[in-house]
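Enquirer: this one's structure only:
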């Protein structure tokens with residue numbers, strides 16, 4: 001039967017593995033490929049736990065504007081139909097391409113919006129890659145797995161030590177060998 005310490009160790013390992021898996025839930029790639037008419041916005045709603053890596057390029061020679069909005073500003077754009085009275089997290093206007101890391105203020109839901117800069121139609125490709133695993137879950141996950149492995153190993157090691165055969169005590173040895181430690185001599189021969 002498993003000891004309480006072994007059970008606690010396995011519970012810690014299970015919790016640690018769960019945290020490790022959760023830390024990678026936000027990782028992945030996604031994107032937007034769209035043709036956008038003048039005066040229109042196209043966007044993509046995404047959830048992230050950390051910064052993102054963005055690559056935006058277009059198929060035409062025209063410039064475009066790229067905005068990243070938090071969830072509150074996204075609702076405002078949906079209700080009002082414009083970016084007025086919003087405070088974009090990222091605002092890049094009149095660009096022809098962008099490649100780089102975008103630092104986001106906190107984990108949450110964001111929207112990336114693209115619109116032509118001038119009265120034209122553009123065709124744009126945007127790839128978004130979520131960066132690192134969520135460190136607030138990754139580090140405790142590693143610690144729980146390591147601690148659980150130690151907790152579940154120590155009782156098993158102690159059980160093996162108790163099961164090993166023991167050497168006879170010195171009292172029994174001297175009883176068989178005599179007081180000097182030499183085997184008794186038979187005198188009848």
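Expert: Thanks, I have it. Just so it is clear, the model here is predicted, and its values are computed rather than measured.

Enquirer: Could you use CA atoms for every contact and neighbour count after this?
Expert: Fine.

Enquirer: my read: residue 44 touches residue 111, true?
Expert: Yes. Here residue 44 lies in contact with residue 111, judged by Cα atoms under 8 Å, at a distance of 5.5 Å.

Enquirer: and the two? which has more neighbours close in?
Expert: Neighbours were counted for residue 44 and for residue 111 using other Cα atoms under 10 Å; residue 111 has more, 21 against 15.

Enquirer: hang on, isn't that one packed against residue 74?
Expert: Yes. Counting by Cα under 8 Å, residue 111 touches residue 74, with 6.5 Å between them.

Enquirer: ok now the helix or strand residue 54 falls within, how far from the chain's centre?
Expert: Element membership for residue 54 (DSSP states H and E) is strand 52-58. Here strand 52-58 is found 23 Å from its chain centre; the criterion is Cα atoms, centre = their mean, to the nearest Å.

Enquirer: Check stretch 56-69 too.
Expert: That offset, for stretch 56-69, works out to 31 Å (Cα atoms, centre = their mean).

Enquirer: Could I get the buried residue list for it?
Expert: 56, 57, 58, 62, 63, 64, 65, 66, 67, 68, 69 (16 or more other Cα atoms under 10 Å).

Enquirer: which of those sit farthest apart?
Expert: Greatest spacing in those, by Cα to Cα: 62 and 69 (23.0 Å).

Enquirer: Pull out the buried positions in stretch 8-28.
Expert: Across stretch 8-28, burial judged by 16+ other Cα under 10 Å covers 8-20, 22-24, 26-27.

Enquirer: Stretch 143-156 too?
Expert: By neighbour count on 16+ other Cα under 10 Å, the buried set for stretch 143-156 is 144, 145, 147, 148, 149, 150, 151, 152, 155.

Enquirer: Fine by me, thanks again.
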